[in-house]
Structure formats: structure tokens, C-alpha cells
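1. Requesting a structural model of the entry that follows:
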Amino acid sequence: MDYLARESADLSVELWNRIDDTVIGTARKQLSCRRFLKVFGPLGPGATTVAVDGVGKEEVLEDGIGRIVGRTQLELPLFYEDFTLLGRDLELAAQTGLPVDLSAAIAAAKKAARREDDLVLNGNKALGVDGLLTVKG
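-> Just a heads-up that it's a prediction; the model follows:
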């Protein structure tokens, strides 16, 4: 499954690779919290939760039924930012041989990266998530 719907855009594989490299490279340069926190993953686009084990995690077997206590499921938010590459700019680049201007992709990657760092540091009340700077204790 192509969750990015790339088949719906008439772009070359080379341009898609350039877009990917630009967005990933920009995000890596911007993401501050990942530099000092251990990150688990990548988990892929289908991951919606991750198991978080507490110190008292154990498997309880009772009456032929086993369950794990001390484990919770944490919802994983998705960080995204849309951007647009104009068809006229793509055509001009194809006609002239000049590279496509990917500044919109760079700006979107920076914004999404800042959003991730903001969640890690400040949390998000709507998600019920505390940040490193806002958690009690």
C-alpha cells in the first residue's frame, strides 16, 4: 500500500527520493529532543499504540487465563505538515533542468519537527500528555 499516494502524482522516482532526502534531512537537523532521549523505532505508519511496562509488570495466570498486569497502552500521535509543490514550478524545472524548489517541503519538515519537540518538552493537555518541563515531580 502506498500510504503517501505517490502513484497519483506524476513525479519521477528521482524527485520523490530528493523530496524524501530533503524532508528527512531537515527533520533530523531540527529535532532537538531526539538528541538526548532514547527513541524507539521507527515503527512505521500503521503504529497507533505502544506498550509501556511499569516496574511491577507481571504475568498473572488464573483459572486458565493469563494476563499481563502493570502494562498500559500509550496512544502514538502522528506529526505531519502538508506542503504543496506547484505544477508550474515542476514544469519549469523539467524544461530548464534546474532543480525543483523544495523550500515548502523544508518549511513543513521544520514545523512538524518543532511540533514534536514541543510535545516532548511541554506536553499537550488535549492528548493528556505531560512534557518534560510540565510533569509534576
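
2. Helices along this structure, start to end?
-> 13-30, 87-96, 103-122 (DSSP state H).

3. What does the residue positioned nearest the centre of the chain show for phi and psi?
-> Central residue of the chain (CA atoms, centre = their mean): Phe79, 4.7 Å from the mean position. Per-residue torsions, Phe79: phi -100, psi 120 (degrees, to the nearest 10).

4. Surely it touches Glu116?
-> Yes - with contact defined as CB atoms under 8 Å, Phe79 counts as touching Glu116 (5.0 Å). In short, each C-beta sits where N, CA and C put it, glycine included.

5. Which residues are in contact with the residue nearest to the centre of the chain?
-> Listed by CB atoms under 8 Å, 6 or more residues apart in numbering, the contact set of Phe79 reads Ala112, Ala113, Arg115, Glu116, Leu119.

6. Per-residue pLDDT of the closest residue to the first one other than its chain neighbours, please?
-> The reference is to Ala112. Closest residue in space to Ala112, ignoring its immediate chain neighbours: Glu81 at 4.3 Å, by CB to CB, 6 or more residues apart in numbering. pLDDT, Glu81: 95.

7. Where does pLDDT dip in this protein?
-> For the chain, the stretches flagged by pLDDT under 70 are 1.
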